[in-house]
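Turn this into a model:
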Amino acid sequence: MQQIYITGHGGPEKLQLREAADPQPKGRELRIRVQASGINFADIMARQGLYPDAPKLPCVVGYEVSGVVDAAGPEVQGDWIGREAFALTRFGGYADTVVVLEPQVFVKPAALSHAQCAAIPVNYLTAWQLLVVVGSLSADESVLIHNAGSGVGLAAIDIARHIGATIYGTASRGKHEFLKARGLHHAIDYTKGDWSEELKRLTDGHGVELITDPLGGGNWKKSYRALRHTGRLGMFGISAATESRLPGVLRMLSIGLSLPWFNPVPLMNLNRSVFGVNLGHMWHESDKIRSWMEVILQGIADGWVRPHVDKTFPLAQVGEAQAYIEARKNIGKVVLTV
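All right, here's what the predicted structure looks like:
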């Protein structure tokens, strides 16, 4: 099989295609011949040495794939051989063949391509946890989605639109028309002035009930201040760390110094909440993940879940794919194809 390795910390040149023997499934494992692999910002942070959960180098990252099951371990319970499926992978997804546990595998909807299925697991499960499971968004509330043009951002728009909430989102001007067509009610250009002042204007100074923030650092402070009473701040990434030119350790130190400290007393007095989401730390909760995915799969059947693939790259062009994301060119998911 072929795999993409991160050989060292640095730029896209640290990604290398290597050959390896095909893995053999054991126990409750299934082997999938991959046709599409999703790229996530965590993969880029791992390459830059900024993702503490990444395996020891050299390593193969990648959290999601879609393809065809061609082998099964002796303890597999379902009839999977020959079936098209998509799956969550605990790394190893940048490959043409993966082995994953059966509870992490889902039947591919016939209406979707493999590339679209590779855009589902991380994006929609993260957005579902942010907006529904912990964020408790309701139809009479409003939400601000930071980085609304990202894969998680588009998934959050789908979910908030289905709930019936009022949706605000930050994105560069060139993405606004597309995002409004997807269901965004109010687009805010974060590249022109202070987004929090524009949100204040749009909400008559009230703020919003829920904010999803993958930026981190000082932006979490601004997001917290933009909440209404009963507001919730959902934090799920620190993408701001990739924009600094400082060396790895100093970069994370500078981000750490800018982080907010949340005091219980002001939280109570302002009737606000803060919470964090990290799907990569939910592997022990497979029953929860499967129950959330059942709702998402029903949403595909009903038409309100609409995974959007911005662009695909061949597996060997993974460096170009990651550079495309780093340049903030994508609207939605970028996928590797085999």
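
The residue nearest to residue 185 when sequence neighbours are not counted sits in which helix or strand?
Leaving out its chain neighbours, the residue that sits closest to residue 185 by Cβ to Cβ, 6 or more residues apart in numbering is residue 167, at 4.9 Å. Glycine gets a C-beta too; all of them are placed from N, C-alpha and C. Element membership of residue 167, judged by DSSP states H and E, is strand 166-170.

And the contacts of that strand?
Here strand 166-170 makes contact (Cβ atoms under 8 Å, 6 or more residues apart in numbering) with 141-149, 153, 157, 160-161, 179, 183-190, 195, 199, 202-203, 208.

Which of those residues are buried? Put it as a PyMOL command.
The following PyMOL line selects those of those that are buried, judged by 16 or more other Cβ atoms under 10 Å:
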select buried, resi 141+142+143+144+145+146+147+148+149+153+157+160+161+179+183+184+185+186+187+188+190+195+199+202+203+208
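
So which residues of the stretch 101-250 of the chain form helices?
Here the stretch 101-250 of the chain has its helices, by DSSP state H, counting those that start in this stretch, at 114-117, 121-128, 151-163, 176-182, 195-202, 218-225, 248-257.

The first one - contacts with which helices or strands?
Looking back up the chat, that one is helix 114-117. Packing partners of helix 114-117 (3 or more Cβ pairs under 8 Å, 6 or more residues apart in numbering; DSSP states H and E): strand 29-38, strand 64-72, strand 84-88, strand 309-314, strand 333-337.

for these, which one sits closest to residue 173?
strand 309-314 (17.1 Å; Cβ to Cβ).

tell me the mean pLDDT for whatever helix or strand comes next after that closest one?
Once the chain leaves strand 309-314, the next helix or strand it forms, by DSSP H and E, is helix 318-326. Per-region confidence: helix 318-326 scores 97 on mean pLDDT.

tell me the angle helix 318-326 makes with strand 309-314.
On the basis of axes from the mean of the first three to the mean of the last three Cα atoms, to 10 degrees, helix 318-326 is oriented at 160 degrees to strand 309-314.

Next, the buried residues of helix 318-326.
Result for helix 318-326 [16+ other Cβ under 10 Å]: buried residues 318, 319, 321, 322, 324, 325, 326.
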